[in-house]
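Trainee: just need the structure, nothing else, for what follows:
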Amino acid sequence: MLGDIKSKPLILVKGFLFVALGIFALGILALDTMSVRAVALCGIAIWGFCRFYYFMFYCIEKYVDPGYKFAGLSSFVLYWIARRNRRLGE
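Mentor: Below is the predicted model of the structure:
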């Protein structure tokens, strides 16, 4: 298994590769559908999912539960289930 990336330039390259991948995918979608509406809806969906991801790791940790440490999507689901079960058990 590979370890975490420690190199700041490599982390930046990885981030820009994600952006390039998204632009590439939207470009192919635009060429395939020839629909501004489909590309706009895809962009809105991506924006919404990105905001939810931000909510999961930043807003919960900073404003709702400072003891929670984000470790990925599965950790958020387990956190939410455990939180719900605590409330139901009260």
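Trainee: run through who's touching the one helix or strand residue 52 maps to.
Mentor: Take DSSP states H and E as the rule and residue 52 turns out to sit in helix 36-54. For helix 36-54, the surrounding residues in contact (Cβ atoms under 8 Å, 6 or more residues apart in numbering) are 22, 26, 29-30, 33. Every C-beta, even on glycine, is put in place using the N, C-alpha and C of the backbone.
Trainee: flag every buried residue along that helix.
Mentor: 39, 42 (16 or more other Cβ atoms under 10 Å).
Trainee: following element in sequence after that helix, please.
Mentor: helix 73-89.
Trainee: mind listing what's buried along that next one?
Mentor: 76, 79.
Trainee: got the CA coordinates for that helix in CSV?
Mentor: The C-alpha coordinates for helix 73-89 follow below in CSV (Å, rounded to 0.1, in the frame of the first residue of the first chain):
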residue,chain,number,x,y,z
LEU,A,73,-17.1,9.3,3.1
SER,A,74,-17.4,6.1,4.9
SER,A,75,-16.3,7.6,8.2
PHE,A,76,-19.0,10.3,7.8
VAL,A,77,-21.7,7.7,7.2
LEU,A,78,-20.6,5.8,10.3
TYR,A,79,-20.5,9.0,12.3
TRP,A,80,-24.0,10.0,11.2
ILE,A,81,-25.4,6.5,12.0
ALA,A,82,-23.7,6.5,15.5
ARG,A,83,-25.0,10.1,16.1
ARG,A,84,-28.5,9.1,15.2
ASN,A,85,-28.4,5.9,17.4
ARG,A,86,-27.2,8.0,20.3
ARG,A,87,-30.1,10.4,19.9
LEU,A,88,-32.6,7.5,19.6
GLY,A,89,-31.2,5.9,22.8
